[in-house]
Each structure stands twice: as structure tokens, then as C-alpha cells.
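J.: need the 3D shape of this:
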Amino acid sequence: MRRALALAARASATGEIPVGAVVSDAAGEPIGEGGNLREATADPTAHAEIVALRAAASSLGSWNLEGCTLTVTLEPCLMCAGAILQARVGRVVFGAWDEKAGAAGSVYDVLRDRRLPVRAEVVGGVLEDEARAVLRRFFDERR
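T.: As a prediction, this is how the structure comes out:
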């Protein structure tokens with residue numbers, strides 16, 4: 001989570017919403033990471049999770065990230081939750097809950113929905129105060 005927080009800070013410094021994500025393999029080694037890049041790339045899908053998933057898939061040479069863990073500073077949205085399941089990520093660890101758009105237990109619980117053929121383990125609230133503070137600081141500076 002510390003690396004994800006550093007990536008969030010880097011995103012914030014470039015004017016992006018400060019979210020950072022890291023994908024680790026089954027041994028816990030980082031294989032992909034990213035921060036939000038929507039503004040820089042004019043790509044609405046360039047959320048930190050998607051950036052990290054793409055990097056991890058490239059690193060492995062496979063879209064299948066079974067056995068991997070995604071660590072992200074903010075609870076994934078619907079789009080990211082869908083991508084996480086499509087990539088077969090087995091575990092998602094996140095910092096701050098997203099009470100407006102979260103899809104890992106707050107607004108929706110897509111990652112653990114038993115109606116879907118694939119699910120992920122979810123661990124929320126890791127370093128939550130720090131993750132929330134990064135977001136709060138970013139938005140306070142823009143108001």
C-alpha cells in the first residue's frame with residue numbers, strides 16, 4: 001500500500017486524481033503499477049487500476065492475472081471492478097472506501113457477487129486514513 005500511496009502522490013502532482021495501484025504476483029513481487037492518467041492521456045479508462053493491470057499483463061505476457069493481488073488506494077469503481085474480474089485477479093486490497101462509486105462493498109459489491117462466474121477476495125480499509133487524506137488534500141486545494 002505504501003507504494004500505491006506514493007503513486008497516488010505522483011498522480012496528484014501532475015493534476016490527476018490521486019489514486020495509485022500496484023499488482024503483485026503470487027510471491028508478492030510487484031509486476032505492474034500505475035497512477036491515474038485520465039488527464040494526461042485523455043483516456044476515460046486510464047484509472048490507476050487499469051494502468052496497473054495493463055502493466056502487469058504486459059510483464060507476464062498474459063491477460064490472466066490469476067493468483068495476483070491488486071493493491072489500490074481507493075475502492076475500485078464499476079469499470080475497474082469489471083476489469084479486475086476479467087483479468088482474474090484473485091485478491092484486491094484497497095485503502096479508502098468510495099461511498100459514491102465504490103464497487104467492492106460500499107455502493108456495489110461486484111468483486112464478490114455470487115451471480116458472476118469469477119470473484120475476488122476483498123480487503124478494504126488498509127491505511128485508510130492515509131489514503132483518504134491524500135484524496136481530501138487534493139480536492140481541498142481545488143476548492
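
J.: which parts of the longest helix along the chain are buried?
T.: The single longest helix within the chain, with elements called by DSSP state H, is helix 128-142. For helix 128-142, burial by neighbour count (16 or more other C-beta atoms under 10 Å) applies to 128, 131, 132, 134, 135, 138. Heads up, the C-betas are built off the backbone N, CA and C, glycines and all.

J.: touching, the third one and residue 99? I think so.
T.: To tie it back to what came earlier, the one meant is residue 132. No: counting by C-beta atoms under 8 Å, residue 132 sits too far from residue 99 to count as a contact (10.8 Å).

J.: neighbouring contacts of the longest helix of the chain?
T.: 1, 5, 8-9, 12, 17-19, 73-74, 94-97 (C-beta atoms under 8 Å, 6 or more residues apart in numbering).

J.: dump the residue contacts of residue 68.
T.: Counted by C-beta under 8 Å, 6+ apart, residue 68 has contacts 23, 24, 25, 26, 31, 56, 87, 89, 90, 91.
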